[in-house]
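Q: could you look at this predicted model? Sequence included:
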Amino acid sequence: MDKKADCCPAKSSTSIGRRTVLKTALNVAAVAMAGNMGGVESVYAAALSKSERDKLTPDQIIENLKQGNRRFRLGKILPHDYLAQKRATARGQYPAAVILSCIDSRAPAEIILDTRIGDTFNARVAGNIANEDLIGSLEFACAAAGAKVILVMGHTGCGAIKGAIDHVELGNLTGLLAKIRPAVDETQYAGDRSSKNDEFVDAVAKTNVRRTIDAIRNGSSVLAPMEKDGKIKIVGTMYHLNGGVVEFLV
């Protein structure tokens with residue numbers, strides 16, 4: 001009996017200690033990998049805290065969004081516990097960015113950039129234009145709520161852009177498309193300037209993004225000085241339906 005007991009000795013405190021150290025090291029490595037993948041987005045964090053958001057610079061926030069899009073394209077989005085995110089943000093929100101994008105069903109900014117509930121404010125309107133109401137929303141997001149990046153996102157194959165090119169008239173949509181039409185005239189393009197030419201449509205979409213940024217800067221006495229002082233950054237992007245890349249425009 002004693003020999004049988006000796007052949008199967010109780011686990012020593014040394015072996016338990018080694019396993020504990022190994023488990024801790026693996027957990028640390030997992031957290032590090034999550035941090036390297038997204039910076040703000042962590043597997044173990046349900047939402048941004050005010051202190052975490054306030055420590056971030058506009059450039060860091062932009063980099064986090066780029067990394068989020070990279071994860072989306074690679075099919076490696078972070079594991080989202082939306083119930084935990086809901087609970088964590090129920091009493092307060094500290095978004096780092098505000099995104100003005102198109103209503104197109106194929107371009108959901110939160111998914112494309114792999115963000116959580118509470119990470120970004122999101123404004124959507126056909127053709128990602130900026131009128132007084134939308135600019136007021138951006139002012140709230142940045143000046144009142146503390147967001148540090150305004151990201152204007154157009155996308156390829158945009159129906160609103162095609163409608164502006166074709167001079168579509170339909171109820172209140174007529175007035176909306178009229179705000180996009182100057183981008184059609186301003187786009188430098190030597191080829192077929194029709195809505196059937198995808199290359200031209202996308203070129204106009206880029207022009208429209210830049211015009212929207214100009215409208216924000218020129219239309220807000222609140223946001224323009226914040227950008228000038230380096231408190232916020234306003235950036236333009238194009239989401240490519242084929243491939244999923246969010247292209248940051250220079």
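A: Now that the structure is in, tell me what you want to look at. Numbering: from 1, shown residues only.

Q: switch to C-alpha atoms for all contacts and neighbour counts from now on
A: Will do.

Q: so V152 is in which element?
A: Using DSSP states H and E, V152 falls within strand 149-155.

Q: and after that strand, which helix or strand comes next?
A: That would be, after strand 149-155 and using DSSP H and E, helix 159-165.

Q: hmm, who's touching that following helix?
A: By CA atoms under 8 Å, 6 or more residues apart in numbering, the surrounding residues in contact with helix 159-165 are 126-127, 177-178, 180-181, 184, 194-195, 201, 204-205.

Q: stretch 166-180: how far from the chain's middle?
A: How far stretch 166-180 lies from its chain's middle: 28 Å, per CA atoms, centre = their mean, to the nearest Å.

Q: kindly export it (C-alpha atoms) in CSV.
A: What follows is stretch 166-180, C-alpha atoms only, in CSV (Å, rounded to 0.1, in the frame of the first residue of the first chain):
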residue,chain,number,x,y,z
ASP,A,166,-28.3,62.1,-62.1
HIS,A,167,-30.1,65.2,-60.7
VAL,A,168,-32.7,62.9,-59.1
GLU,A,169,-35.7,64.7,-57.7
LEU,A,170,-37.9,63.1,-55.0
GLY,A,171,-39.6,65.0,-52.2
ASN,A,172,-37.2,66.2,-49.5
LEU,A,173,-34.4,64.1,-51.0
THR,A,174,-34.2,66.7,-53.8
GLY,A,175,-32.8,69.3,-51.3
LEU,A,176,-30.4,66.8,-49.8
LEU,A,177,-28.9,65.9,-53.2
ALA,A,178,-28.6,69.6,-54.0
LYS,A,179,-26.1,69.8,-51.2
ILE,A,180,-24.0,67.1,-52.8
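
Q: which of the contacts of helix 159-165 sits closest to L170?
A: Nearest to L170 among the contacts of helix 159-165, counting by CA to CA, is L177 at 9.6 Å.

Q: give me the nearest residue to the closest one, chain neighbours excluded.
A: Of all residues not flanking L177 in the chain, A164 sits nearest, at 5.0 Å (CA to CA, 6 or more residues apart in numbering).

Q: on that earlier part again, of the contacts of helix 159-165, just the buried ones, PyMOL syntax please.
A: Here is the PyMOL command that selects the buried residues among the contacts of helix 159-165 (16 or more other CA atoms under 10 Å):
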select buried, resi 126+127+177+178+180+181+184+195+201+204+205
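
Q: can you tell me which two in the contacts of helix 159-165 are farthest apart?
A: Across the contacts of helix 159-165, the longest distance by CA to CA is 19.3 Å; it joins A126 and S194.

Q: can I get the CA coordinates of stretch 72-82 in CSV?
A: Extracted in CSV, the C-alpha atoms of stretch 72-82 (Å, rounded to 0.1, in the frame of the first residue of the first chain):
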residue,chain,number,x,y,z
PHE,A,72,-12.6,43.7,-39.2
ARG,A,73,-10.9,43.0,-42.5
LEU,A,74,-9.0,40.0,-41.1
GLY,A,75,-12.1,38.6,-39.4
LYS,A,76,-10.4,38.9,-36.0
ILE,A,77,-12.8,41.3,-34.3
LEU,A,78,-12.6,41.5,-30.5
PRO,A,79,-15.1,39.4,-28.5
HIS,A,80,-18.0,41.7,-27.7
ASP,A,81,-20.1,41.2,-24.6
TYR,A,82,-22.8,43.7,-25.5
